[in-house]
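*Asks:* What follows is a protein structure lacking sequence information:
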């Protein structure tokens, strides 16, 4: 696809579709939980191939899977979460 989830989310926000953006975020979070095992496997492969010195996450929905993959694939590498939205809400709990 020529666009990703962030593109859709940002388009919805820029057009005032806040409730729909929030719904999409909730659905994405549920999908991430349901597919966490598969996400961890994919992230382990990526991390093992790239071998980063540090991993920076700005996607809170994937932090748990990223943490688990990092602990499995590269246990000594640090995970840093970059907070990009200072507001806390049901959809973005910090």
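*Replies:* Good, I have the coordinates. Worth saying up front: this structure is predicted, and the values here are computed from it rather than measured.
*Asks:* which stretches of the protein form strands?
*Replies:* All strands of the chain, identified by DSSP state E, fall at 54-57, 78-81.
*Asks:* so how far is the first one off the chain centroid?
*Replies:* Remark: strand 54-57 is offset 11 Å from the chain centroid, using CA atoms, centre = their mean, to the nearest Å.
*Asks:* Residue 51: what's it in contact with?
*Replies:* residue 74 (CB atoms under 8 Å, 6 or more residues apart in numbering). Glycine gets a C-beta too; all of them are placed from N, C-alpha and C.
*Asks:* Count the residues that sit near residue 82.
*Replies:* Using other CB atoms under 10 Å, residue 82 has 9 other residues around it.
*Asks:* measure the closest residue to it other than its chain neighbours to residue 39 for me?
*Replies:* Spatial nearest neighbour of residue 82, excluding adjacent residues (CB to CB, 6 or more residues apart in numbering): residue 58 at 4.4 Å. The spacing between residue 58 and residue 39, counted by CB to CB, to the nearest Å, is 16 Å.
*Asks:* out of those two, which sits in the more crowded spot?
*Replies:* residue 39 (20 against 12).
*Asks:* which residues touch the closest residue to the more buried one other than its chain neighbours?
*Replies:* Nearest non-adjacent residue to residue 39, counting by CB to CB, 6+ apart: residue 65, 4.3 Å away. Residue 65 makes contacts with 32, 36, 39, 40, 43, as judged by CB under 8 Å, 6+ apart.
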